[in-house]
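*Asks:* just coords:
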Ligand code: RIB
């Protein structure tokens, strides 16, 4: 076990069954796929691998099952040097995600939580000391809400909440996020969950979320980049232009990179600029974890910061 982790990720670990196909079927339709590969995935594991590849010391608090998928799910975490001392093996199946990737790089994902569903607040609290010692704690929405809330309660450092997918989380725990990281759809759902009403336009949603009490908010916008604010004006960070091969896990690459830079003490806007580059790198490669860069990989250059009023 690491003694002083920069980052603790409390989150899901999956094996991704990735099917490539020309286009996604409509409801009721059957289409033929091309290939099927089993890759390591899960939002928590993806974020941990992304941060570790970028040089951060990372501990993962999570669970896998006792089936054959567990080895695949843990393969890249081990290779990236993520500390798995707080990982549980729970009898039964590992989390599985069925990921369909079409020729234009877009995906659909169905997750069977498996062992992730057995992460109780008590299991998370058993790692309270390591969570409490981290500079940055990262949580997402793929563990039961009680586990996520226990992680936030145990944290004494900066907490990144990437509420994907959005589910009900105790508002007090949610508002510890600094930043809350959401995409446009998740942002609107979190706003509704907090009783913040509706806002029209991405920038307005970010401002409304700040109005709910978040110290900072980052909204990821895919090919359009990201919006970021820590209470001041909302800054738009444009993404490099890239040809997407597979968008799976690009948001997780973003969060892992953000965590790595925040753990190093970067200001939030600088960390977001770096995270946009890392997310853009990831969409140019297939799979989630296999697509993440190391510090030796050249990242696509950002366009110059220009004020964007259309977001
Ligand atoms: O964000 C991408 C991830 O979502 C996949 O790796 C899959 O496991 C699901 O958790």
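*Replies:* Thanks, I have it. The structure presented is a predicted model; accordingly, all values stated were derived computationally and were not measured.

*Asks:* before we move on, what SS does the residue in the stretch 51-200 of the chain positioned nearest to the ligand have?
*Replies:* Using CB to the nearest ligand atom, the closest approach of the stretch 51-200 of the chain to the ligand is made by residue 97 at 3.3 Å. Every C-beta, even on glycine, is put in place using the N, C-alpha and C of the backbone. Here residue 97 is strand, with the state taken from DSSP: H, G, I helix; E, B strand; the rest coil.

*Asks:* cool, the one 4 residues further on as well?
*Replies:* Three-state assignment for residue 101 (three-state DSSP): strand.

*Asks:* can you tell me how far it sits from residue 39?
*Replies:* For residue 101, the distance to residue 39 equals 11 Å [CB to CB, to the nearest Å].

*Asks:* what of residue 220?
*Replies:* 22 Å.

*Asks:* same question, residue 77
*Replies:* To residue 39, residue 77 is 12 Å away according to CB to CB.

*Asks:* neighbour-wise, which of these two wins?
*Replies:* residue 77 (27 against 23; other CB atoms under 10 Å).

*Asks:* I'd say the more buried one and residue 84 touch.
*Replies:* Yes. Between residue 77 and residue 84 there is a contact at 6.3 Å, judged by CB atoms under 8 Å.

*Asks:* okay, and the common contacts of these two?
*Replies:* Counting by CB atoms under 8 Å, 6 or more residues apart in numbering, the contacts common to residue 77 and residue 84 are residue 60.

*Asks:* and the helices in this protein?
*Replies:* Secondary structure of the chain (DSSP state H): helices at 43-53, 69-80, 121-125, 128-132, 145-154, 171-174, 184-193, 202-212, 250-263, 268-283.

*Asks:* still on that earlier bit, contact partners for the residue of the stretch 51-200 of the chain closest to the ligand?
*Replies:* Per CB under 8 Å, 6+ apart, neighbours of residue 97: 14, 15, 16, 17, 41, 42, 109, 110, 111, 112.

*Asks:* and if you look at residue 242?
*Replies:* 280, 281, 283, 284, 300.

*Asks:* from the residues you listed, pick the one nearest the ligand.
*Replies:* Nearest member of the contacts of residue 242 to the ligand, counting by CB to the nearest ligand atom, is residue 283, at 12.0 Å.

*Asks:* roughly how far does the nearest residue to that closest one once chain neighbours are set aside sit from residue 102?
*Replies:* The shortest distance from residue 283 to any non-neighbouring residue, by CB to CB, 6 or more residues apart in numbering, is to residue 244 (4.3 Å). Here residue 244 is placed at a distance of 11 Å from residue 102 (CB to CB).

*Asks:* how many neighbours does residue 68 have?
*Replies:* 11.

*Asks:* meant to ask about residue 127
*Replies:* 22.

*Asks:* please apply the same query to residue 296.
*Replies:* Neighbour number of residue 296 under other CB under 10 Å is 6.

*Asks:* that one and the ligand, how far apart?
*Replies:* Separation of residue 296 from the ligand (CB to the nearest ligand atom, to the nearest Å): 24 Å.

*Asks:* again, but for residue 9
*Replies:* Following CB to the nearest ligand atom, the distance that separates residue 9 from the ligand is 13 Å.

*Asks:* wait, doesn't that residue sit right on residue 49?
*Replies:* No. If you go by CB under 8 Å, residue 9 and residue 49 don't touch, sitting 9.3 Å apart.

*Asks:* flag every residue of the protein that's near the ligand.
*Replies:* Selection of the chain residues close to the ligand by CB under 6 Å from any ligand atom yields 12, 14, 16, 41-43, 46, 97, 109, 111, 142, 248-249, 251-252, 288.

*Asks:* residue 9 and residue 49: which is more packed in?
*Replies:* Between residue 9 and residue 49, residue 9 has the larger neighbour count (other CB under 10 Å), namely 37 against 32.

*Asks:* so what's the more buried one up against?
*Replies:* 44-45, 47-48, 51, 58-62, 137-139, 259.

*Asks:* what sits against the residue of the chain found nearest the ligand?
*Replies:* As assessed by CB to the nearest ligand atom, the ligand sits closest to residue 41 within the chain, at 2.6 Å. By CB under 8 Å, 6+ apart, the contact set of residue 41 is 14, 15, 16, 73, 97, 99, 248, 249, 287, 288, 289.

*Asks:* residue 70 now?
*Replies:* Counted by CB under 8 Å, 6+ apart, residue 70 has contacts 15, 64, 89, 94.

*Asks:* pull out the buried residues from those residues.
*Replies:* Buried subset of those (neighbour count, 16 or more other CB atoms under 10 Å): 15, 64, 94.

*Asks:* what's the neighbour count on the closest residue to the first one other than its chain neighbours?
*Replies:* What that stands for is residue 15. Of all residues not flanking residue 15 in the chain, residue 69 sits nearest, at 3.9 Å (CB to CB, 6+ apart). Look at residue 69: counted by other CB under 10 Å, it has 23 neighbours.
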